[in-house]
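*Asks:* A structural model of the following input is requested.
(3 chains)
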Amino acid sequence: MDTVLPDGRDRRLLTRGPAAVMAAALAVVVGAPAAQAATRHAWVAAVPTTWNAVPNARDAIHGATFDRAETTFPTVVYARFTRDWGKPVATRIPGPLVKARVGDKLRIHFKNMDTLTSAPHSMHFHGVAYKPSSDGIWLPLHSGKGGNVKPGQTFTYKLTAGPGSAGVWPYHDHSQSMEDSIAGGMYGALSIAGRHEQRADRENVVMFAPWHGFQTINGRAFVGNTPVYEAKVGETVQWDVLAMGDEFHTFHVHGHKWRTDAGTPEDTRGLGPAESFRVRWKEDAPGTWLYHCHVESHMAQGMIGLYRVTA
Amino acid sequence: MDTVLPDGRDRRLLTRGPAAVMAAALAVVVGAPAAQAATRHAWVAAVPTTWNAVPNARDAIHGATFDRAETTFPTVVYARFTRDWGKPVATRIPGPLVKARVGDKLRIHFKNMDTLTSAPHSMHFHGVAYKPSSDGIWLPLHSGKGGNVKPGQTFTYKLTAGPGSAGVWPYHDHSQSMEDSIAGGMYGALSIAGRHEQRADRENVVMFAPWHGFQTINGRAFVGNTPVYEAKVGETVQWDVLAMGDEFHTFHVHGHKWRTDAGTPEDTRGLGPAESFRVRWKEDAPGTWLYHCHVESHMAQGMIGLYRVTA
Amino acid sequence: MDTVLPDGRDRRLLTRGPAAVMAAALAVVVGAPAAQAATRHAWVAAVPTTWNAVPNARDAIHGATFDRAETTFPTVVYARFTRDWGKPVATRIPGPLVKARVGDKLRIHFKNMDTLTSAPHSMHFHGVAYKPSSDGIWLPLHSGKGGNVKPGQTFTYKLTAGPGSAGVWPYHDHSQSMEDSIAGGMYGALSIAGRHEQRADRENVVMFAPWHGFQTINGRAFVGNTPVYEAKVGETVQWDVLAMGDEFHTFHVHGHKWRTDAGTPEDTRGLGPAESFRVRWKEDAPGTWLYHCHVESHMAQGMIGLYRVTA
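*Replies:* Below is the predicted model of the structure:
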């Protein structure tokens, strides 16, 4: 059973303005929940795009405005395509959210369509099992074709969601162009549920990374540009939090707490490059809340967003 | 039963010199231990003061001396007042240690008495439950009066110590002046015990934050200026460790260890901005020990203090 | 029963080129596994040496080459000596890996043979119990002889591996010359097993620290210079991960995962200065893999190595 289905729930967000559109783009999933293990396919390409980190041209909290030229740059991102390279579905930062379950096999078909820099690219996945040939790394003498996919070429990464794969994990370019590519936005997330785990009603991806001097969440900076996540009282809400780059961050949500796997309550958790975690709660706090990185300079440079809970 | 009582135990430290005086200032508590849930009140104002991060003018370890002008600056801090704004009790960095128990309600009466910068201020509390109106954030179109309290105005934050609130949490300014105010020292700690939890014999607050180029603990830099904490063999000792600002720190105590909530022994733990934790041990190691941030440049810039254990 | 025995298993690595030689140097141990608690002795001196962080003169991944003068500097390190200062056994970064078991006493005989800088030096140990006189700290008025051992002098640190000492811990200079000495490489690791714990088949030390502008693992930078660790499918493999200096790191191994003590699977974990942890797995993934700090700039500056698993 090979399926590539967008997730219906997230789709509703499509009606809610530019920030919500970005959230919806994350809903590019590999496979709907399934009772039995499956091989799931996805088509993902490195494609050039023009990305604006601050589409509304404003830092609403500090009252600053920006010229489009200060916030918009050509870059290369991971875009999902429909089956067999039909057409691009979303061309954004981060790349498609790849969802699977423990026991699934994943076949990620990657094509380098980078006509902007003509650099080699790759995909390196955390959290899943694979052979060295699917490691996606550039390493002279050791790496195979999948570690440095040249423009125009394709490579299929073969991954397995094993017993310890339940959780949220980053993927990113690990080719010869790794530094530049990650700085430009070539990263995304895997969300792997337990075999029989109930998925949360809401799954909010928060990828902290710098981008052209801004501190971004999913490639956007400042309230009104970063994702506006939503939930209703009574829903289970999961946050998938990841970081890429050089810096450490502290994820904080106002008016909410969660527990560590050791049982300790938290409302702020630190993470560094390539670290990732998921936290969950049952929503009971209606209102408009902030979520942000609590490193103050990061917050000031854009790493902050809105979370709206309705009764 | 509404009470505002200083904690008798910490008061003894008042007799031990300037560093100990600062420790004592932390003993401004909201409510004594109580068998049943209560509504506890505190009066806290933003007030201007002149603060000296290095009162003894010395970095004893490196043998350096400072001019008072290099270490003393006007700033705004949270000062506790007696009931109904009677009189200021302590005007220092950090603000008053607010103690409560799971099940308690807190009413924090805040007044902006900042005649130094005339900026708006607020209090944003971690770890407790509240409605958006008590979130204390500046957010155009969304925040209410409590998010940007103007000079001369007051606001009462209504908080609840819920089931997941047991622990140590920061509070800080989250108004329009947030960056400057936190840099100046507008932060403090909440210490919430379980409903029936036995409080430790000693509770030592360690707030890591930069201040005018120094790396400070509770607003002070270098051994002899930072708090001198004390204990006796046999006592239970709790450390409340928090960080504010942009940087990450690693808390280390010499000659001692504790366990994580997952059971792993540690003697050094990292934390970033707005992260916080408490660790405990039963004291069994007499002597004079160091506690410090183990980031070497931070230690060199003042983030180090003394802990004295007597038999 | 006092013994100082190199560990036979690690010795095999001696046959595998310069990077492997460094790995072997880590196998300088204090005491073989023992059924009963013992007092274990080691002789460790601060000695001058000339250290080259990039012996093969290449950054293989980025294709860069270095002049020897850019990568080689005089420095002071901890060298193990045979019993009673017989002869130096290894003069490298990091210092000898000190192995013991819970219940053991350790007597670390330290001699300052630093004829390069003529600075005082010391050894400060994490994770073990000791009296203040064995704390190894420079603190005017408080520290004893062991905190600032002058050139030509010796001091014996008396340590106990207590109930909470099982784990991996750093040691380092904490004397008056601490900052310069740690920057130069005066640090090492303690590996303490539970009283009856089965040691892993492989124990791979990874000490993250900066050195003369490089980001090093065990004092070396770039693949081919950093340790090449090896294992066979079926073996238990333990990684001892530690950091010294000012910076935070994220340890990542390709193609592998482990679980936190709370049971959460990970393939990347952050740590800051003086933090340390050990992770273990039963090897089941043959191939040549990368291990590295996932802070991208650190990886680019050398913090990356190879791990080879054979079937």
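*Asks:* Next, residue A:290: secondary structure please.
*Replies:* strand (DSSP: H, G, I helix; E, B strand; the rest coil).
*Asks:* Hmm, residue A:243 is touching residue A:270, no?
*Replies:* No - counting by Cβ atoms under 8 Å, residue A:243 sits too far from residue A:270 to count as a contact (9.5 Å). Heads up, the C-betas are built off the backbone N, CA and C, glycines and all.
*Asks:* more neighbours, these two?
*Replies:* More crowded of residue A:243 and residue A:270, by other Cβ atoms under 10 Å in any protein chain shown: residue A:243, with 27 against 24.
*Asks:* how far away is that one from residue B:273?
*Replies:* 14 Å (Cβ to Cβ, to the nearest Å).
*Asks:* cool, and residue A:203?
*Replies:* 26 Å.
*Asks:* neighbour count winner among the two?
*Replies:* Of the pair residue A:203 and residue B:273, residue B:273 is the one with more neighbours under other Cβ under 10 Å, namely 30 against 26.
*Asks:* Next, give phi and psi for the residue nearest to the more buried one when sequence neighbours are not counted.
*Replies:* Leaving aside its sequence neighbours, residue B:273 sits nearest to residue A:294 (Cβ to Cβ, 6 or more residues apart in numbering or on different chains; 4.6 Å). For residue A:294, the backbone dihedrals (degrees, to the nearest 10) come out as phi -90, psi 0.
*Asks:* list the contacts for residue A:294?
*Replies:* The contact partners of residue A:294, by Cβ atoms under 8 Å, 6 or more residues apart in numbering or on different chains, come to A:249, A:250, A:251, A:252, A:268, B:272, B:273, B:274, B:275.
*Asks:* Mind doing that once more with 6 Å?
*Replies:* Counting by Cβ atoms under 6 Å, 6 or more residues apart in numbering or on different chains, residue A:294 makes contact with A:250, A:252, A:268, B:273, B:274.
*Asks:* what's the answer for residue A:118, then?
*Replies:* Contact partners of residue A:118, counting by Cβ under 6 Å, 6+ apart, are residue A:151.
*Asks:* can you check residue A:172 too?
*Replies:* A:124, A:182, A:187.
*Asks:* go on, residue A:102?
*Replies:* Residue A:102 neighbours (Cβ under 6 Å, 6+ apart): A:161, A:165, A:166, A:194, A:195.
*Asks:* Quick check: the gap between it and chain C.
*Replies:* 10 Å (Cβ to the nearest Cβ, to the nearest Å).
*Asks:* give me phi/psi at that residue?
*Replies:* According to degrees, to the nearest 10, the main-chain angles of residue A:102 amount to phi -50, psi 130.
*Asks:* re the thing from before, can you add distance to residue B:171 and give the contacts of residue A:294 back as JSON lines?
*Replies:* Shown next, in JSON lines, are these (distance: Cβ to Cβ, whole Å):
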{"residue": "A:250", "distance to residue B:171": "16"}
{"residue": "A:252", "distance to residue B:171": "13"}
{"residue": "A:268", "distance to residue B:171": "12"}
{"residue": "B:273", "distance to residue B:171": "14"}
{"residue": "B:274", "distance to residue B:171": "10"}
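*Asks:* Which one of those is nearest to residue C:173?
*Replies:* For those, the minimum distance to residue C:173 (Cβ to Cβ) is 29.5 Å, reached by residue B:273.
*Asks:* Any residues of chain A in contact with chain C? List them.
*Replies:* Residues of chain A found near chain C (Cβ under 6 Å from any Cβ of the partner chain) are A:126, A:132, A:135, A:140, A:142, A:164, A:179, A:246, A:248, A:261-262, A:272-275.
*Asks:* Greatest separation within these: which pair is it?
*Replies:* It's A:140 and A:262 that sit farthest apart of the residues of chain A next to chain C, by Cβ to Cβ, at 41.7 Å.
*Asks:* Show the residue spans covered by the strands in the stretch 151-300 of chain A.
*Replies:* For the stretch 151-300 of chain A, the strands defined by DSSP state E, counting those that start in this stretch occupy A:154-160, A:167-172, A:187-193, A:202-211, A:214-217, A:228-232, A:236-243, A:249-253, A:258-259, A:265-266, A:268-271, A:276-282, A:287-293.
*Asks:* and residue A:129, how far is that from residue C:137?
*Replies:* To residue C:137, residue A:129 is 46 Å away according to Cβ to Cβ.
*Asks:* now swap in residue A:134 and tell me
*Replies:* With Cβ to Cβ as the criterion, residue A:134 and residue C:137 are 49 Å apart.
*Asks:* likewise residue A:310?
*Replies:* 56 Å.
*Asks:* which of those two has more neighbours?
*Replies:* It is residue C:137, of residue A:310 and residue C:137, that has more neighbours when counted by other Cβ under 10 Å, with 23 against 12.
*Asks:* ok, the more buried one touching residue C:147?
*Replies:* Yes - between residue C:137 and residue C:147 there is a contact at 4.7 Å, judged by Cβ atoms under 6 Å.
*Asks:* list the contacts for the residue of the stretch 1-150 of chain A found nearest chain C?
*Replies:* The minimum distance from the stretch 1-150 of chain A to chain C, using Cβ to the nearest Cβ, falls at residue A:132 (3.6 Å). By Cβ under 6 Å, 6+ apart, residue A:132 lies in contact with residue C:287.
*Asks:* Mind checking the pLDDT average for stretch A:61-70?
*Replies:* Average pLDDT, stretch A:61-70: 96.
*Asks:* ok so, going back, of all the strands of the stretch 151-300 of chain A, which one is nearest residue C:64?
*Replies:* Residue C:64 sits nearest to strand A:167-172 of all the strands of the stretch 151-300 of chain A, at 22.3 Å, using Cβ to Cβ.
*Asks:* longest strand in chain A, by residue count?
*Replies:* Longest among the strand segments of chain A by residue count, using DSSP state E, is strand A:39-52.
*Asks:* Kindly point out the strands partnered with whatever helix or strand comes next after that strand and how each is oriented relative to it.
*Replies:* The C-terminal neighbour of strand A:39-52 among helices and strands, as given by DSSP states H and E, is strand A:58-59. Its sheet considered, strand A:58-59 pairs with strand A:64-65 (antiparallel) by DSSP bridges.
*Asks:* next one: the helix or strand that the partner strand is followed by to chain centre, how far?
*Replies:* Using DSSP H and E, the next helix or strand after strand A:64-65 towards the C-terminus is helix A:68-71. Offset of helix A:68-71 from its chain centre (Cα atoms, centre = their mean, to the nearest Å): 23 Å.
*Asks:* Just the buried residues of the contacts of residue A:102.
*Replies:* Applying a neighbour-count criterion of 16 or more other Cβ atoms under 10 Å in any protein chain shown, the buried members of the contacts of residue A:102 are A:161, A:165, A:166.
*Asks:* which bits of the stretch 151-300 of chain A sit near chain B?
*Replies:* Residues of the stretch 151-300 of chain A lying near chain B by Cβ under 6 Å from any Cβ: A:248, A:250, A:252, A:254, A:257, A:262, A:264-265, A:267-268, A:270, A:287-288, A:294-297.
*Asks:* Now list the buried members of these.
*Replies:* A:248, A:250, A:252, A:254, A:257, A:264-265, A:267-268, A:270, A:287-288, A:294-296.
*Asks:* And the residues you listed, which two are furthest apart?
*Replies:* It's A:248 and A:287 that sit farthest apart of these, by Cβ to Cβ, at 28.9 Å.
*Asks:* can you map out the helices along the stretch 51-200 of chain A?
*Replies:* Assigned by DSSP state H, counting those that start in this stretch, the helices in the stretch 51-200 of chain A fall at A:68-71, A:178-184.
*Asks:* Need the ones you listed in JSON lines (columns: mean neighbour count).
*Replies:* As requested, these are arranged in JSON lines below (neighbours: other Cβ atoms under 10 Å in any protein chain shown):
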{"stretch": "helix A:68-71", "mean neighbour count": "14"}
{"stretch": "helix A:178-184", "mean neighbour count": "21"}
